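Trainee: let's see this in three dimensions:
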Amino acid sequence: MKLILIHADGSKTTVDAAREMMLVGRSPECDVQLKSSRVSRKHAEIRCFNDCFYIKDMGSAAGTSVAGRALSAGEACELTPGTTVTLADCQMVLRDTAEEVVAAPPVATPEEKPAFAPTPIAETPAPHPPKYEGIPPEVQKVLSETCAFYTASTTKLVAEFREEIRERLNLKDDQGQSLEELRAKVKVAIHQILVDEGHRLPLDVAKDRFAKALMDSVIDYGPITPLLEMDVVSEVMVNGPDCIFIEAKGKMYETGITFSSEDELMMVIRRIVEPIGRHVDDASPMVDARLPDGSRVNAVIRPLSLGGAALTIRKFKKDKLTVSELCQFGSLTPAMAEFLQEAVRSKQNIVVSGGTGSGKTTLLNVLSHFIPEGERVITVEDAAELQLTHRNLVRMEARPANIEGKGRVTIRDLVVNTLRMRPDRIIVGECRGPEALDMLQAMNTGHDGSLTTLHANNPREALTRLENMVMMAGYDLPMKAIREQIASAVKLIVQQTRLPDGSRKIVRIEEIDGIEGETILTTPIFEFVEQRGGDSMGYHRATQNIPKFITALKEANKLNISLSVFAQ
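Mentor: Okay, the predicted model is just below:
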């Protein structure tokens, strides 16, 4: 009999199955050695009795499955010729001769039931995430390694050691300690506990990897910490302790990573919100917060979230994107960038419109860099995300009510207060309520050059959204008066969209031309033309319409760009 081995890199080797007992694993000491870091050092055992072969899993981290059926630790089953055995990301087939190997497990028919199964075998879900088409390889590597590490035994040990460390360091109440001090103490405690209790670790678990998992569990964000550490991951979405998704390069993937329990997930949520004075409990089951690096966090717990606590983290980019990089990504053209720079420099009021995750805040950051130095900039946000670098800058953030329901400071309160702070520019991270009225009034009373974002799918819908938010202010204003105020305040609407391929692009820039009757008039300046086929989703083009403010700047001899940008 022969054992045909299919290694993780796709290579194949043949081993004689002539011994009564053979060890299978990645260790050189094994009789059958597999080439993969995910295979345990001593992964499985094969024995031969009366010309029948049996395979037993030896408590491996990644597991062993026969014809799609996962074996539990210590379980043995008969290995018949032609049956495919999967060990982590490697395969093994027992054959009479070393002929062709079929990589996929054969489907068992009623006449060909494996000897160890009295009933038809139902395939069980793979213990690791499937290899999604197009997933970045660095993400796949981290997911595979993380899933392979967090087995039932290691997860249990991490939880036990975490509680012991918390007891040793009295971390029930760690207020007053800086994160650096706490991390240093925990590092020493982890080293000591591994010296004292390291013999309890499975043989195939590296101590440095286990120490990293312990640090993540005690100080950081548990099993999702490796996801947050990857630059390519832009969002982490936890739909309960057993279901975690990520967004990478504009597309979503299920990770296969899980929390050990909902209690651990709740512990991570509280670890995020409490340092910034927020709280989450049955009385306040929703919370907005941010990580120390500025990443935006939203958490919803039971009873509002029926499937368990839900945590959404939109990561904060460490490196600020520049307009040239957006041009390289195809988000806009150099001509559009020149135009937007001139619009910001000349103090045109701009609204960036788009759906969730379309890149509105990123674009707002880029536009803010066009503001000349020396101007006083004041930002107002619900959760601080903007990354401005101006010296004369004041950043303000809204505050929710405390446990007694007092102390709330809204976006609207902050916008009103900015008018007393001698602003040259007011930037509102997002208009989503009655603050829209105060923003429009500021734009109409000498605070030109203001910037904001709002949720809408197209420029016309953005105008409707503005109308609705103004009416939320509680004043009984006629619709015509509202529209006249919008038409006189807002000069440009920049529409940002995330396309089906995951790319984020400016799909339309429109100038507001005034009002005719009760209809706000708009003129397209640039647009994105979608096309099917090829690698590109479409192309940008100028409509050859020249905005009125550009004409006015040219007549005043203050125009800094060429009119040729409107012909490209």
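Trainee: quick one, what contacts the spatially closest residue to residue 456 that is not a sequence neighbour?
Mentor: Of all residues not flanking residue 456 in the chain, residue 462 sits nearest, at 3.8 Å (CB to CB, 6 or more residues apart in numbering). The way it works is simple: take the backbone N, C-alpha and C, and place the C-beta from them, glycine included. Listed by CB atoms under 8 Å, 6 or more residues apart in numbering, the contact set of residue 462 reads 351, 353, 454, 456, 493, 495.
Trainee: do residue 61 as well
Mentor: Residue 61 makes contact with 38, 40, 148-149, 151, 154, 202, 204-205 under the criterion CB under 8 Å, 6+ apart.
Trainee: tell me how many other residues surround residue 3.
Mentor: 22 (other CB atoms under 10 Å).
Trainee: next one: phi and psi at residue 406?
Mentor: Per-residue torsions, residue 406: phi -120, psi 170 (degrees, to the nearest 10).
Trainee: and it, how many residues sit next to it?
Mentor: Using other CB under 10 Å, residue 406 has 7 other residues around it.
Trainee: now residue 444
Mentor: 16.
Trainee: just residue 164 next, same as before
Mentor: For residue 164, the count of nearby residues is 14 (other CB under 10 Å).
Trainee: check what pLDDT it gets.
Mentor: pLDDT, residue 164: 88.
Trainee: likewise residue 123?
Mentor: Residue 123 is assigned a predicted lDDT (pLDDT) of 37.
Trainee: out of the contacts of residue 462, who's nearest residue 441?
Mentor: Residue 441 has its nearest neighbour among those in residue 351, at 14.9 Å by CB to CB.
Trainee: quick one: contacts of stretch 445-454?
Mentor: With contact meaning CB under 8 Å, 6+ apart, stretch 445-454 is reached by 344, 347-354, 360-361, 364, 367-368, 371, 375, 419, 423-432, 436, 439, 442-443, 462, 465-466, 469.
Trainee: cool, and stretch 411-429?
Mentor: With contact meaning CB under 8 Å, 6+ apart, stretch 411-429 is reached by 361, 364, 368, 371, 375-386, 388, 394, 396, 398, 431-435, 438-439, 442, 447, 449-453, 473.
Trainee: of the residues you listed, grab the buried ones for PyMOL.
Mentor: To isolate the buried ones among the contacts of stretch 411-429 in PyMOL, judged by 16 or more other CB atoms under 10 Å, type:
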select buried, resi 361+364+368+371+377+378+379+380+381+382+383+384+385+386+388+396+398+431+432+434+435+438+439+442+447+449+450+451+452+453+473
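Trainee: from the contacts of stretch 411-429, which land in helices?
Mentor: Among these, the members falling in helices (DSSP state H) are 361, 364, 368, 435, 438-439, 442.
Trainee: make CSV from these and add distance to residue 262 to it.
Mentor: Supplementary listing: the ones in helices among the contacts of stretch 411-429 in CSV, determined by distance: CB to CB, whole Å:
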residue, distance to residue 262
361, 31
364, 36
368, 40
435, 36
438, 41
439, 40
442, 45
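Trainee: who does the residue most central in space within the chain bridge with?
Mentor: Centroid check for the chain by CA atoms, centre = their mean gives residue 235 as the closest residue, at 1.1 Å. Beta bridges link residue 235 to residue 247, residue 314, judged by DSSP bridges.
Trainee: that one is in contact with residue 315, isn't it?
Mentor: Yes - Residue 235 is within contact range of residue 315, at 6.5 Å (criterion: CB atoms under 8 Å).
Trainee: ok, the ones in helices among the contacts of stretch 411-429 vs residue 293, which is closest?
Mentor: residue 361 (14.8 Å).
Trainee: what's near enough to touch that closest one?
Mentor: Residues near residue 361 by CB under 8 Å, 6+ apart: 385-386, 429-430, 453.
Trainee: so which of those belong to strands?
Mentor: Under the assignment DSSP state E, those contribute residue 453 to strands.
Trainee: with adjacent residues omitted, what lies nearest to residue 11?
Mentor: residue 35 (7.1 Å).
Trainee: with residue 86 instead?
Mentor: Computed as CB to CB, 6+ apart, the closest residue to residue 86 that is not its neighbour in sequence is residue 65, at 4.7 Å.
Trainee: for the chain, just list every one of the helices.
Mentor: For the chain, the helices defined by DSSP H cover 137-149, 152-169, 179-197, 207-218, 225-228, 262-273, 323-329, 334-345, 360-368, 411-418, 435-444, 459-471, 479-489, 548-555.
Trainee: what does the second one contact?
Mentor: By CB under 8 Å, 6+ apart, the residues outside helix 152-169 that reach it are 59, 61, 150, 171-172, 185-186, 189-190, 193, 197, 200-202, 205, 210, 213-214, 217-218, 260-261, 264.
Trainee: the inter-axis angle of it versus helix 262-273?
Mentor: Angle, helix 152-169 to helix 262-273, by axes from the mean of the first three to the mean of the last three CA atoms, to 10 degrees: 50 degrees.
Trainee: quick one on the thing from earlier: now the contacts of stretch 445-454: which count as buried?
Mentor: Listed as buried from the contacts of stretch 445-454 are 344, 347-354, 360-361, 364, 367-368, 371, 419, 423-432, 436, 439, 442-443, 462, 465-466, 469; burial here means 16+ other CB under 10 Å.
Trainee: so what are the domain limits for the protein?
Mentor: 2-112, 137-314, 323-567 (automatic domain parsing).
Trainee: could you list the low-confidence segments of the stretch 1-150 of the chain?
Mentor: Low-confidence segments of the stretch 1-150 of the chain (pLDDT under 70): 97-134.
Trainee: buried subset of the contacts of helix 152-169, written for ChimeraX?
Mentor: What follows is the ChimeraX syntax selecting those of these that are buried according to 16+ other CB under 10 Å:
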select :59,61,150,171,185,186,189,190,193,201,205,210,213,214,217,218,260,264
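Trainee: what about the residue nearest to residue 11, how many residues nearby?
Mentor: Residues near residue 35, counting by other CB under 10 Å: 14.
Trainee: output the helices of the chain in JSON lines; the columns should cover distance to residue 565.
Mentor: As requested, the helices of the chain are exported to JSON lines (distance: least, CB to CB, whole Å):
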{"stretch": "helix 137-149", "distance to residue 565": "38"}
{"stretch": "helix 152-169", "distance to residue 565": "57"}
{"stretch": "helix 179-197", "distance to residue 565": "48"}
{"stretch": "helix 207-218", "distance to residue 565": "49"}
{"stretch": "helix 225-228", "distance to residue 565": "40"}
{"stretch": "helix 262-273", "distance to residue 565": "45"}
{"stretch": "helix 323-329", "distance to residue 565": "13"}
{"stretch": "helix 334-345", "distance to residue 565": "4"}
{"stretch": "helix 360-368", "distance to residue 565": "17"}
{"stretch": "helix 411-418", "distance to residue 565": "33"}
{"stretch": "helix 435-444", "distance to residue 565": "25"}
{"stretch": "helix 459-471", "distance to residue 565": "20"}
{"stretch": "helix 479-489", "distance to residue 565": "25"}
{"stretch": "helix 548-555", "distance to residue 565": "9"}
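Trainee: looking at those, which is closest to residue 303?
Mentor: Minimum separation from residue 303 across the helices of the chain (CB to CB) falls at helix 262-273, 13.0 Å.
Trainee: contact partners of that closest one?
Mentor: Identification of contacts with helix 262-273 by CB under 8 Å, 6+ apart yields 159, 217, 221-222, 224, 238, 240-241, 259, 279-280, 287, 289, 291, 297, 299, 301, 308-309, 311.
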